[in-house]
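Enquirer: Attaching a predicted model along with its sequence, questions to come.
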Amino acid sequence: MDIALSRHAPNRLDTLHAPDEVERAVAHRLGAHRMAAHGCAPFHAELYEVPLHHGTLLELCYGRETRIDFGDDTDHFLFRLTLAGACELQSGRTVARAAPGELTVSSPALASRLITSPDCRNLVLRLERGALERKLQDMLQMTLTRPLQFDLAAGGKGNGKSNGVGAAAVLPTFEYLCRIGPQPGSGTAATTFVADLTAALMSLLLAHLPHSYSDALARGTPPLPAHVRRACEHVDAHLGEPLPLATL
């Protein structure tokens with residue numbers, strides 16, 4: 001795929017060759033995890049990043065076959081667009097395999113394991129759990145009753161499970177973020193622009209990728225509970241009359 005942060009940003013792993021050094025540097029940006037690499041040769045890994053509002057966009061390539069265990073970071077979602085090679089995301093008995101152009105998601109509510117091929121290159125969007133759940137609550141106009149959890153396989157070019165668009169819905173925004181590079185400018189206007197762009201991206205992810213609240217979003221604003229509806233009907237039927245609190 002012709003998407004790359006590496007054209008604009010420096011490689012944050014350029015001088016690191018030991019596995020533990022690479023693991024610490026990646027964990028600093030993506031959250032706590034445990035990494036095991038196949039083979040003993042020095043690492044020649046690559047990591048490029050663009051800061052966002054409530055998140056970060058990164059391009060990551062280990063250059064080695066790796067196994068990465070997530071589960072200690074309960075505060076972030078990782079949306080992973082595979083650019084080259086292949087990777088496999090596992091959670092319990094569920095397995096999602098991704099080729100170039102396909103999207104996988106690690107949710108903080110689930111422990112998961114990622115296995116990457118030596119040539120695997122991923123574009124990773126890291127978003128704060130709190131910010132994404134607040135955006136979902138705004139879209140639903142209701143308080144969440146259970147953790148937000150995305151399907152591991154979020155779809156590829158037109159094969160998303162939620163409504164048939166999958167990763168294709170967010171690809172243009174990813175491409176745009178890669179084109180503008182590490183910083184679209186400075187000052188208040190640039191900060192507001194990045195915040196608005198991140199908010200729009202969160203809306204796209206929630207609207208087009210399958211997750212635990214997809215059905216609720218598809219239905220629109222949920223109906224009022226029966227007891228609240230009956231109370232509203234009673235008030236409407238007795239407008240202008242004294243209405244004791246006990247009756248309501």
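Expert: Perfect, I can see it now.
Enquirer: Pretty sure Glu59 sits against Arg29.
Expert: No - at 11.2 Å, Glu59 does not count as touching Arg29 under the criterion of CB atoms under 8 Å. In this view, the C-beta of every residue, glycine as well, is placed from N, C-alpha and C.
Enquirer: Those two: who's more crowded?
Expert: Glu59 (23 against 15; other CB atoms under 10 Å).
Enquirer: how close does that one get to Pro10?
Expert: Separation of Glu59 from Pro10 (CB to CB, to the nearest Å): 12 Å.
Enquirer: picking that back up, check the contact lists of Glu59 and Arg29 and give me the overlap.
Expert: Contact criterion CB atoms under 8 Å, 6 or more residues apart in numbering; residues shared by Glu59 and Arg29: Leu47, Glu49.
Enquirer: what sits in contact with each of Glu59 and Pro10?
Expert: Common neighbours of Glu59 and Pro10 (CB under 8 Å, 6+ apart) are Tyr48.
Enquirer: ok, Ala199 - how many residues close by?
Expert: Ala199 has 15 nearby residues by other CB under 10 Å.
Enquirer: Please, which helix or strand holds the residue nearest to the spatial centre of the chain?
Expert: Centrality entry for the chain: nearest residue to the mean C-alpha point is Phe79, 3.8 Å, by CA atoms, centre = their mean. Secondary-structure assignment from DSSP states H and E places Phe79 in strand 76-84.
Enquirer: Ok, Leu89 next?
Expert: Going by DSSP H and E, Leu89 is in strand 87-91.
Enquirer: just the angle between that strand and strand 76-84, please?
Expert: 150 degrees (axes from the mean of the first three to the mean of the last three CA atoms, to 10 degrees).
Enquirer: which SS state does Thr104 fall under?
Expert: strand (DSSP: H, G, I helix; E, B strand; the rest coil).
Enquirer: Now for the residue nearest to Leu78 when sequence neighbours are not counted: which residues touch it?
Expert: Of all residues not flanking Leu78 in the chain, Ser106 sits nearest, at 4.1 Å (CB to CB, 6 or more residues apart in numbering). Ser106 makes contact with Phe70, Phe77, Leu78, Arg80, Leu89, Ser112, Leu114, Leu152, according to CB under 8 Å, 6+ apart.
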